[in-house]
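1. after the sequence you'll find the predicted model.
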Amino acid sequence: MYKYTEKLSSLHANAMSSLINGHSLVHPDHPLHKPGEDGITLYIGIDKIGKPRLFFSLHQIQYLQYYIHEMRLTTPSWAEYHNNRTDLLFEGKEEEADQLEIPSLEEGKDDWVPLPSILCKARDLVSVEPITINSNIYMKEIYKRVTKDGKTAERYARNGLPVPEFDPKRFEAIKDNITPGPGLRKGPERQGRNHDRVEEAAEGTGWGGFPLVKEKDHSKDADDSAPVINRSPPENDFDGGDQDHPPTPSTPFIDLGMSYFYHCQRAFILAISGGLLASLPDTQRPAPGEEDDEGPMSLIPPEIGRSLFISLAVTRYEKDPSVLLEVGYSAIWWQKIPQEIERKEGEANMDYEEMRDSGHFIIQEHILDKKNGEVRPDYRDGYLFGDSLPLQKDKIRSTIKQKIKELSVRAGNGPIYIVNHTAEGEVFNFKDIGFDISLTSSDLQPDGWEVPPYMCAAGCGSVFIVNTATLYGSVENVPSKTVDAIQYAGRTRKSLQHTALLVFGQDQHKIPHRCGNAGNDAFYTLVVFLDLMSGLTLPELREEYARAQLLLNGESLSLADSNAKIVQTVPLTPIPSTDQDAPTPDPEPEYDSDDGFMEDDMIQGIFYEDEKGNLVEMDDDW
């Protein structure tokens, strides 16, 4: 029908299209809407290969042809009359509408919209069933389902396979799903196989130990209880500035800090699992050879949730903050382990391996003439985790962007999270390395998105900001701030070094050194993020922080002193100690040659990374 209107003249096409679009069809005043029926009746026909189609009947199209002719909808004078009358009625001017001059019925009396020349006859169909459609949403869902089932039937027929039988109640289920009240989705929660685990959870808590949202006290003023929600950052608070994130409608917490922490942790867990598709139970994944099916799982691209977390840090000239001296980065992602690589003990069920990369660039033009040391520390030559590379100022943008693009491919082309530490009162500004906050989403679930970026294809390749100062601010329970009637999650006022000392406590391997060097700052920022994401739950962290407010011998109590439950794939890469006075770790065990230990026995083969970042075993002939 929609292709049919493309072949009509403009006047005929306009008249017919206005009557067969989804919004018009479900309107109570539509000419095909019969009195006493809850909607318009169309037809589902099954052809001889088992493909379903959505039909109008010939009688319906003939009646629309008759209606268009009698109302003279293809006649310019009558079309103008109908438009003017509609406008007046909309403005409530009924008397003026009745006084409009009615064109002559002689105009357009011989003008008829031609009917379609190709019809599907009864002998071409196996069955025809009527279906009543009462909303535009239902119309769209029906059309999508019929199109999807039709493609499935065509694929099976093309491959010489019997066409699967479609659930005859699938259209009824669609209608039930979009109808408020008891039903498949909107009704009371059903007791499934996870019921036992739900009963074991502590009262008032949900997934991950997070507290459930308390019901609002409706006795209070509604203006006091309802949070202000707006996802656009205030212009006067950003020069690339504050990246605290307001909540989204689907976020299960009213506490803005907890909402922020929740989204970060969900993205982190999915990345460890290898993405959304890989995180599904084996029973829900498509079996080998069924990847082309039109089932719901086959619609999930494997890159969804394959996130890259890359920390960026910059060091600026203390006398002119617009002058960039250093740029550092530290990245983590999880890469699929090839089947041919033998798993270590305790890693048999792990399909994804933690990968890391880090680096430090020094702006070549400023090495000799610009140096900090009066207000800010000068550790430009003190990068602790590799070699510093000099780089020309005009190449820093392209180098950083190319590096992120390259690492994103290795990570699986999912969402990209730029991790940084911008404390309260500081300004986030990465414009000179290619990241303008106005072009980078600072919302972990942007406005208009039904699900967060780590759960949908739209998030793949998109760049988002994660601030560890906001994460630690949620641990401190920093109250949200309101700017121009917009609420934002609170950020800690503590520097990166102070935050790291509180998070890592007395762990000598993680105590930060030479903060101020951009490479070191990026490295420690990422490690702070990993510790917060893989350790205690947020309520436990808040409880530990409350205890840590007591000072003991001038030092803050450690959040890391408690027994943390770590969520790991493979052990997180240890941070090498950089403290000269730190206690020497236990030496590696020595192996006696009589024990038959040979280092060569541990070598599983030689592997290299291909263009997509996958590990491939090198042939013997290479």
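-> It's in.

2. identify the bridge partners of residue 360.
-> Judged by DSSP bridges, the bridge partners of residue 360 are residue 328, residue 388.

3. for residue 33, see how far away it is.
-> Distance of residue 360 to residue 33, given as C-beta to C-beta, to the nearest Å: 70 Å. For glycine as for every other residue, the C-beta is placed from the backbone atoms N, C-alpha and C.

4. so where do the helices sit in the stretch 451-600 of the chain?
-> Under the criterion DSSP state H, counting those that start in this stretch, the stretch 451-600 of the chain contains helices at 468-475, 496-504, 518-534, 538-547.

5. follow-up on the earlier one: out of residue 360 and residue 33, which sits in the busier spot?
-> Neighbour comparison, residue 360 and residue 33: the larger count goes to residue 360, with 28 against 18 (by other C-beta atoms under 10 Å).

6. I figured that one hits residue 383, correct?
-> Yes - with contact defined as C-beta atoms under 8 Å, residue 360 reaches residue 383; the gap is 4.3 Å.

7. shared neighbours of the two, anything?
-> Common neighbours of residue 360 and residue 383, using C-beta atoms under 8 Å, 6 or more residues apart in numbering, are 328, 517, 519.

8. just the pLDDT at the last one, thanks.
-> We note a pLDDT of 92 for residue 519 in this prediction.

9. ok, residue 479 - contacts?
-> Residue 479 touches residue 490, counting by C-beta under 8 Å, 6+ apart.

10. distance of it relative to residue 264?
-> Plainly put, residue 479 is 19 Å away from residue 264 if you go by C-beta to C-beta.

11. kindly report the same for residue 514.
-> Computed as C-beta to C-beta, the residue 514 to residue 264 distance reads 27 Å.

12. where does pLDDT dip in this structure?
-> Within the chain, the stretches with pLDDT under 70 are 2, 180-253, 282-299, 339-350, 436-443, 445, 447-448, 483-486, 506, 548-622.

13. if you set the cut-off to 80 instead, what comes out?
-> 1-3, 159-160, 176-254, 280-300, 338-351, 427-429, 434-450, 481-488, 505-511, 547-622 (pLDDT under 80).

14. quick check: longest helix of it.
-> Looking across the chain with DSSP state H, the single longest helix is helix 136-158.

15. following that helix in sequence, what is the next regular element?
-> Following helix 136-158 in sequence order, the next helix or strand is helix 170-177 (DSSP states H and E).

16. mind listing what's buried in that following helix?
-> In terms of neighbour count (16 or more other C-beta atoms under 10 Å), helix 170-177 has its buried residues at 171, 174-176.

17. would you map the strands across the stretch 351-500 of the chain?
-> Counting by DSSP state E, counting those that start in this stretch, the stretch 351-500 of the chain has strands at residues 352-363, 388-391, 416-420, 463-467, 481-483, 486-488.

18. redo those as a markdown table? Include distance to residue 433.
-> Below are the strands of the stretch 351-500 of the chain laid out as a markdown table (distance: least, C-beta to C-beta, whole Å):
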| stretch | distance to residue 433 |
| --- | --- |
| strand 352-363 | 9 |
| strand 388-391 | 11 |
| strand 416-420 | 10 |
| strand 463-467 | 13 |
| strand 481-483 | 26 |
| strand 486-488 | 24 |
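
19. can you pull the contacts of the closest residue to residue 139 other than its chain neighbours?
-> Distances taken as C-beta to C-beta, 6 or more residues apart in numbering put residue 22 closest to residue 139, at 4.5 Å, once the chain neighbours are dropped. By C-beta under 8 Å, 6+ apart, residue 22 lies in contact with 136, 139-140.

20. redo that, cut-off 10 Å
-> 133, 135-140, 142-143 (C-beta atoms under 10 Å, 6 or more residues apart in numbering).

21. which of those has the most neighbours?
-> Neighbour counts for those, by other C-beta under 10 Å, peak at residue 133, which reaches 23 neighbours.

22. I'd say it and residue 27 touch.
-> No - look at residue 133 against residue 27 with C-beta atoms under 10 Å: they stay out of range, at 11.7 Å.

23. find residues that contact each of those two.
-> With C-beta under 10 Å, 6+ apart as the test, residue 133 and residue 27 both reach residue 40.

24. in CSV, list the buried residues of helix 170-177 along with distance to residue 66.
-> Shown next, in CSV, are these (distance: C-beta to C-beta, whole Å):
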residue, distance to residue 66
171, 29
174, 32
175, 30
176, 36
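
25. between those residues, which is nearest residue 547?
-> Distance to residue 547, by C-beta to C-beta, is smallest for residue 176 among the buried residues of helix 170-177, at 50.5 Å.

26. hang on, isn't that closest one packed against residue 141?
-> No - contact status for residue 176 versus residue 141: not in contact, 11.2 Å apart, counting by C-beta under 10 Å.

27. before we move on, back to that, who's more crowded, residue 514 and residue 264?
-> Shown here are residue 514 and residue 264; by other C-beta under 10 Å, residue 264 has more neighbours (26 against 18).

28. so who does that one touch?
-> By C-beta under 10 Å, 6+ apart, the residues touching residue 264 are 245, 309, 417, 419, 444, 454, 464, 466-468, 470-471, 474, 529, 532-533.

29. next: residue 424.
-> 242, 244, 469-470, 473, 478, 481, 490-494.

30. list buried residues within these.
-> Buried members of the contacts of residue 424, scored by 16+ other C-beta under 10 Å, are 242, 244, 469-470, 473, 478, 481, 490-492, 494.

31. and those residues as CSV, adding distance to residue 122?
-> Formatted as CSV, the buried ones among the contacts of residue 424 follow (distance: C-beta to C-beta, whole Å):
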residue, distance to residue 122
242, 66
244, 64
469, 70
470, 65
473, 69
478, 70
481, 68
490, 68
491, 69
492, 72
494, 76
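
32. from residue 88, how far out is residue 78?
-> 16 Å.

33. do residue 503 as well
-> As defined by C-beta to C-beta, residue 503 lies at a distance of 69 Å from residue 88.

34. between the two, tell me which one has more neighbours.
-> Comparing residue 503 with residue 88 by neighbour count (other C-beta under 10 Å), the higher total belongs to residue 503, at 25 against 17.

35. the more buried one contacts residue 472, doesn't it?
-> Yes - Residue 503 is within contact range of residue 472, at 7.5 Å (criterion: C-beta under 10 Å).

36. which neighbours do the two have in common?
-> Contact with both residue 503 and residue 472 is made by residues 528-529, 532, 541, 559, according to C-beta under 10 Å, 6+ apart.

37. and these, which is closest to residue 151?
-> Closest approach between the shared contacts of residue 503 and residue 472 and residue 151, by C-beta to C-beta: residue 529, at 42.7 Å.

38. gap between residue 64 and residue 71?
-> Counting by C-beta to C-beta, the gap from residue 64 to residue 71 is 11 Å.

39. which one's more surrounded, these two?
-> Taking neighbours as other C-beta under 10 Å, residue 64 and residue 71 compare with residue 64 leading, 21 against 15.

40. for residue 387, what are its contacts?
-> 359-360, 519.

41. can we see that at 8 Å?
-> By C-beta under 8 Å, 6+ apart, residue 387 lies in contact with residue 360.

42. ok, the one 3 residues further on next?
-> If you count contacts by C-beta under 8 Å, 6+ apart, residue 390 has them with 361-364, 367.

43. please redo it, this time with the cut-off set to 10 Å
-> Contacts of residue 390 by C-beta under 10 Å, 6+ apart are 361-365, 367.

44. repeat for residue 389
-> Applying C-beta under 10 Å, 6+ apart, we find residue 389 in contact with 359-362, 364, 383, 399, 519.

45. who wins for most neighbours among those residues?
-> Neighbour count (other C-beta under 10 Å) singles out residue 519 as the most crowded of these, with 30 neighbours.

46. so what's that residue up against?
-> 313, 315, 326-330, 358-362, 379-380, 382-389.

47. tally of neighbours for residue 34?
-> By other C-beta under 10 Å, the residues close to residue 34 number 10.

48. kindly report the same for residue 488.
-> By other C-beta under 10 Å, the residues close to residue 488 number 23.
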